[in-house]
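Peer 1: Provided below are the primary sequence and the corresponding predicted coordinates.
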Amino acid sequence: MQQQMAVVTLGIADPARSRRFYVDGFGWAPVFESAEIIFYQMNGFVLATWLASALAADMRRPGAAAPGPTSGPAGTGAVALAHNVGRRDDVDPVMAALERAGGTILRPADAPPHGGYRGYVADPDGHAWEIAWNPAWPIDPQGHVSFGL
């Protein structure tokens with residue numbers, strides 16, 4: 001089986017609030033949007049934000065009417081998404097832009113023991129994003145990150 005991912009879908013409570021975080025914070029442009037769902041074309045896959053109640057109903061999971069940022073059957077659980085940047089000096093400005101766009105700083109940026117520089121921001125629905133610079137993980141001109149040692 002091919003090792004790839006096509007779509008990551010995040011359950012959200014308010015499409016307008018979520019859109020502000022991703023469009024104003026990250027600067028991403030939707031490729032499709034409706035009252036319930038927004039798609040963003042990424043580098044090799046699609047990111048979707050979808051009303052949590054509709055997502056849970058689509059999966060036929062119980063509790064579809066009770067979305068929450070980190071609880072319930074369609075909650076985020078222990079998941080972190082990552083947005084890598086090309087320079088150490090890019091981490092703090094990206095985190096600040098995300099906070100201005102409705103995000104919450106979970107962990108201010110610092111240098112972990114394994115190297116690099118990173119911090120965590122939660123989107124308005126509680127989905128954790130690591131904003132990271134890792135000198136061992138190159139980013140090509142198309143924005144593809146390669147695992148480095």
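Peer 2: Cool, got the structure.
Peer 1: Flag the shaky bits of the chain, pLDDT-wise.
Peer 2: 62-78, 149 (pLDDT under 70).
Peer 1: so where do the strands sit in it?
Peer 2: Using DSSP state E, the strands of the chain run over 7-12, 30-33, 37-41, 46-51, 80-84, 104-110, 117-122, 128-133.
Peer 1: okay if I get these as TSV plus mean neighbour count and distance to Arg20?
Peer 2: (Glycine included, C-beta is placed from N, CA and C.) Formatted as TSV, the strands of the chain follow (neighbours: other Cβ atoms under 10 Å; distance: least, Cβ to Cβ, whole Å):
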stretch	mean neighbour count	distance to Arg20
strand 7-12	20	11
strand 30-33	13	12
strand 37-41	18	11
strand 46-51	20	11
strand 80-84	15	17
strand 104-110	14	14
strand 117-122	21	14
strand 128-133	21	15
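Peer 1: Pro141: which of those strands is closest?
Peer 2: Taking Cβ to Cβ as the criterion, Pro141 comes closest to strand 80-84 out of these, the separation being 14.0 Å.
Peer 1: which residues touch that closest one?
Peer 2: Residues from elsewhere that reach strand 80-84 (Cβ atoms under 8 Å, 6 or more residues apart in numbering): 8, 26, 94, 120, 127-134, 137, 139, 145.
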